[in-house]
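J.: sequence first, then the predicted structure:
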Amino acid sequence: MRYRSIAMALVALLLCACANATSPSGTSEQTGPPTDLASAKAAWEQAGIDSYTLVVSVTGCMACGGPDPFRTSTTVTDGEITDRDPPPGLKPVGAPCVKDLFKWIEVAGPDGVKEIEYNDVGVPILMRLDNPEMSDDQGDYRITFEES
């Protein structure tokens, strides 16, 4: 009789443990900003932001050409790029939107991403990239993101 009570108690505990592991309250939610590209993209999609301004300052690059940072600005309104302000001599495509930053990280690959930091909605706000497959492509990026 005593073994039966113990067995039933163990079964009940096991069932409770399984239920907690599969329930939403049993899952671990990420706290803080994303730490990898996949979770940054997911956070960006989940945030659903379609109007913002992005200012990118680049230092430590061959194209920077001096002590001043290489700056670009992009404004997106309702999901469409409405203004791009690249530095003189650079095509407008040189001023990135958030999805372009994600592409840059993908192209750099794991060996080319030296440092990266994302904000809570998945936007890269600090990047050090140096793709080993390309010469003279390194750069240190500081990104200011403002939702409109």
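T.: Sure, I can see it.

J.: so how far is stretch 109-119 from its chain's centroid?
T.: Centroid separation for stretch 109-119 versus its chain: 9 Å, with C-alpha atoms, centre = their mean, to the nearest Å.

J.: in the protein, which spans are strands?
T.: Applying DSSP state E to the chain gives strands spanning 52-59, 70-77, 80-85, 113-118, 124-129, 139-147.

J.: tell me which strands the longest one pairs with, and in which orientation.
T.: Spelled out, it's strand 139-147. Next to strand 139-147 in the sheet, as set by DSSP bridges, lie strand 52-59 (antiparallel), strand 124-129 (antiparallel).

J.: and the residue nearest to Ile49 when sequence neighbours are not counted, what does it touch?
T.: Distances taken as C-beta to C-beta, 6 or more residues apart in numbering put Glu147 closest to Ile49, at 5.5 Å, once the chain neighbours are dropped. From N, CA and C alone the C-beta is placed, and that goes for glycine too. Contacts for Glu147 (C-beta atoms under 8 Å, 6 or more residues apart in numbering) come out as Ile49, Ser51, Tyr52, Val121.

J.: which one of those residues sits closest to Ala43?
T.: Val121 (5.6 Å; C-beta to C-beta).

J.: tell me how many other residues crowd the closest residue in space to Ser148 that isn't next to it in sequence.
T.: Nearest residue to Ser148 in three dimensions, chain neighbours excluded: Ser51, at 3.9 Å (C-beta to C-beta, 6+ apart). Using other C-beta atoms under 10 Å, Ser51 has 14 other residues around it.
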